[in-house]
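**Student:** with the input below, show me the fold.
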Amino acid sequence: MLGDFFALMFRMKYINRWGLMRLVESENLSVHSLECAMLAHGLAVIGNTYFGKSYNADHIALAAMYHDAPEIVTGDMPTPVKYYDESTRTAYKAVEQAAVERFLAYLPAELRTQYEDALCCSDEEHKIIKAADKLCAYIKCRSELDIGNREFAYAANSTLAQMKEYGCEELDYFMENCLESFGKSLDELKNN
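**Tutor:** Below you'll find the model as predicted:
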């Protein structure tokens, strides 16, 4: 059973994101989860350093790494479908929770609490992970736009508007101080 848990987690690489969009560069759930974990950790460190917060940045990174694990079962549900209305949102959350419980059932009892901690987080931690998730989406949209894929214009504008209204000072700081670098080439990054 323990092996089943890890084998399931490794299936993230088979879940493609952005299913309703024409992509130039594909993205799978493994890539997204790593990028989200790095950004969530960064946002937590920014919060601790510049805004007097006391986030457990390591736990936030860990929870972000697993934040979309239920999609191993559900697939990547497109945002317009997932958030269509309150009943759809509620039903989807119930399916996600059932998936987490199923994953935990694959683990021996003595390991479950540690993985429950990894697969769950507080509301405060969730806010940082959601901010990182939005950042990932926006960075992906900008990347596609930068290589000429106009398919992502609406998603980029919509995501940017959501981030500006999110009410997260760590996210605002990142957008002001870090976001521009994502449009630079490797040579530009190396020579700064």
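**Student:** would you mind finding the longest helix in this protein?
**Tutor:** When the chain is parsed with DSSP state H, its longest helix is helix 123-146.
**Student:** show me what that helix packs onto, helices and strands only.
**Tutor:** Secondary-structure packing of helix 123-146 (3 or more CB pairs under 8 Å, 6 or more residues apart in numbering; DSSP states H and E): helix 29-50, helix 57-66, helix 153-164, helix 169-177. To be clear about C-beta, it is placed using only N, CA and C from the backbone, and glycine gets the same treatment.
**Student:** the residue nearest the centre of the chain - nearest residue in space that isn't next to it in sequence?
**Tutor:** The residue lying closest to the centre of the chain (CA atoms, centre = their mean) is residue 133, at 3.4 Å. Nearest residue to residue 133, sequence neighbours excluded (CB to CB, 6 or more residues apart in numbering): residue 36, at 5.5 Å.
**Student:** just residue 77 next, same as before
**Tutor:** Counting by CB to CB, 6+ apart, residue 92 is the residue found nearest to residue 77 once chain neighbours are left out, at 6.4 Å.
**Student:** burial measure for the one you found, as a count.
**Tutor:** 17 (other CB atoms under 10 Å).
**Student:** residues contacting it?
**Tutor:** Counting by CB atoms under 8 Å, 6 or more residues apart in numbering, residue 92 touches 74, 77, 82.
**Student:** which stretches of this protein aren't confidently modelled?
**Tutor:** By pLDDT under 70, the weakly predicted segments of the chain are 1, 78, 80, 192.
**Student:** which residue of it sits farthest from its center?
**Tutor:** In the chain, the greatest distance from the average C-alpha position (CA atoms, centre = their mean) is reached by residue 191, at 29.6 Å.
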